[in-house]
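Colleague: Sequence plus predicted model, see below.
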2 protein chains.
Amino acid sequence: MLRPCYLGEFEHLILLALMRLEDRAYGVTVRQEIESRANREVSLGAVYATLDRMEIKGYVKSFRGDPTPERGGRSKRFFRVTPKGAAAVNRTHRAIESMTQGLQLLGSSS
Amino acid sequence: MLRPCYLGEFEHLILLALMRLEDRAYGVTVRQEIESRANREVSLGAVYATLDRMEIKGYVKSFRGDPTPERGGRSKRFFRVTPKGAAAVNRTHRAIESMTQGLQLLGSSS
DNA sequence: GCATTACTTCTACATTTTAGAACAAATTAC
DNA sequence: GTAATTTGTTCTAAAATGTAGAAGTAATGC
């Protein structure tokens, strides 16, 4: 099968979280960002699994930070979106946007 | 596991295609709509599998049309989005939107 | 050291996405 | 009418994604 270059739902949310968090993105903050912003519960296991897969695909890059002086403050694994990851987000947005053009659906529900 | 009420990527595109197509939505046109609008190749098998799953979940409803008088024009299985499906689209859009708020990413690529 | 805290990795499954082959029903050509 | 052709759907099987929770690791505080 040809490698699809489209993002899954959760991959998409995680990339957006990384973009928002900039240099503060690691497992816990990513999960928090999605829970509070997208109003959706996620497990840390899910977050890491998806980040690992996206690192293999080249959508994100991770590197170790230093330990912090809080109790339990061990070193974190930070993540950043790569240009390739950003391109994937853009492709996804364009696809959704062009499929949405002219539809009036986001009316007022909530 | 609790049934997640979030749409997968492809489910999302298919629901948008159904909304656009209104009463002309069946396997072939749905595929065409996604290929031309979202600029993405999809197989019919993928379209039907996803439509079937979404019918089970109550996001779409299908019904048979009559044969048409073209060569090979056998009867079609038409699909419509249900209110539940429309609600799922709205939830998905809200999640993406709130994750995107304030990010400037759709700059100019393409 | 031992308990506690913050964080990551591992394990195991469920669900979604995917392609292509097989099947079915209609039309046309002969 | 029956074989070939066309439109459309269903079936099958596998890969990719999504998910939760248990286990593991490194730090601090006592």
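Modeller: Here it is on my side, so go on.
Colleague: State the helix or strand in which residue A:80 lies.
Modeller: With secondary structure defined by DSSP states H and E, residue A:80 is part of strand A:77-81.
Colleague: Quickly check: whichever helix or strand comes after that strand near DNA strand D or not.
Modeller: Moving toward the C-terminus from strand A:77-81, the next helix or strand (DSSP H and E) is helix A:83-100. No. Among the residues of helix A:83-100, none lie within reach of DNA strand D under C-beta under 7 Å from any atom of the strand; the closest is 9.7 Å away. Placement of C-beta: from N, CA and C, glycine included.
Colleague: Test of understanding: give the bridge partners of the residue nearest to residue A:55 when sequence neighbours are not counted.
Modeller: Spatial nearest neighbour of residue A:55, chain neighbours left out: residue A:62 (5.8 Å); criterion: C-beta to C-beta, 6 or more residues apart in numbering or on different chains. Beta-bridge pairing of residue A:62 under DSSP bridges involves residue A:79.
Colleague: what's the burial count for residue A:62?
Modeller: 15 (other C-beta atoms under 10 Å in any protein chain shown).
Colleague: From what I see, it and residue A:77 are in contact.
Modeller: Yes. Counting by C-beta atoms under 8 Å, residue A:62 touches residue A:77, with 5.2 Å between them.
Colleague: Could you check how far the residue nearest to residue A:55 is from DNA strand C?
Modeller: 8 Å (C-beta to the nearest atom of the strand, to the nearest Å).
Colleague: What confidence value was assigned to that residue?
Modeller: Here, the pLDDT recorded for residue A:62 equals 97.
Colleague: Report the secondary structure element holding residue A:14.
Modeller: Residue-wise, residue A:14 maps onto helix A:9-21 under DSSP H and E.
Colleague: The very next helix or strand once past that helix vs DNA strand D: in contact?
Modeller: Heading C-terminal from helix A:9-21, the first helix or strand you meet, by DSSP H and E, is helix A:27-37. No. Counting by C-beta under 7 Å from any atom of the strand, DNA strand D is not contacted by helix A:27-37; separation bottoms out at 9.2 Å.
Colleague: can you check stretch A:47-67 too?
Modeller: Yes. Remark: stretch A:47-67 sits within contact range of DNA strand D at A:48, A:49, A:50, A:53, A:57, A:67, by C-beta under 7 Å from any atom of the strand.
Colleague: Now that stretch - C-alpha only, PDB.
Modeller: The C-alpha coordinates for stretch A:47-67 follow below in PDB (Å, rounded to 0.1, in the frame of the first residue of the first chain):
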ATOM      1  CA  VAL A  47      -0.600  10.300  23.200                       C
ATOM      2  CA  TYR A  48       2.800   8.700  23.300                       C
ATOM      3  CA  ALA A  49       1.900   5.900  20.900                       C
ATOM      4  CA  THR A  50       0.800   8.400  18.300                       C
ATOM      5  CA  LEU A  51       3.800  10.700  18.900                       C
ATOM      6  CA  ASP A  52       6.100   7.700  18.400                       C
ATOM      7  CA  ARG A  53       4.500   6.800  15.200                       C
ATOM      8  CA  MET A  54       4.600  10.300  13.900                       C
ATOM      9  CA  GLU A  55       8.300  10.500  14.700                       C
ATOM     10  CA  ILE A  56       8.900   7.400  12.600                       C
ATOM     11  CA  LYS A  57       7.000   9.100   9.800                       C
ATOM     12  CA  GLY A  58       9.000  12.200  10.200                       C
ATOM     13  CA  TYR A  59       6.100  14.500  11.300                       C
ATOM     14  CA  VAL A  60       7.600  15.300  14.600                       C
ATOM     15  CA  LYS A  61      11.000  15.200  16.200                       C
ATOM     16  CA  SER A  62      11.800  14.600  19.800                       C
ATOM     17  CA  PHE A  63      14.700  15.400  22.100                       C
ATOM     18  CA  ARG A  64      15.400  15.100  25.800                       C
ATOM     19  CA  GLY A  65      15.200  18.100  28.100                       C
ATOM     20  CA  ASP A  66      17.000  18.400  31.400                       C
ATOM     21  CA  PRO A  67      15.600  17.400  34.800                       C
END
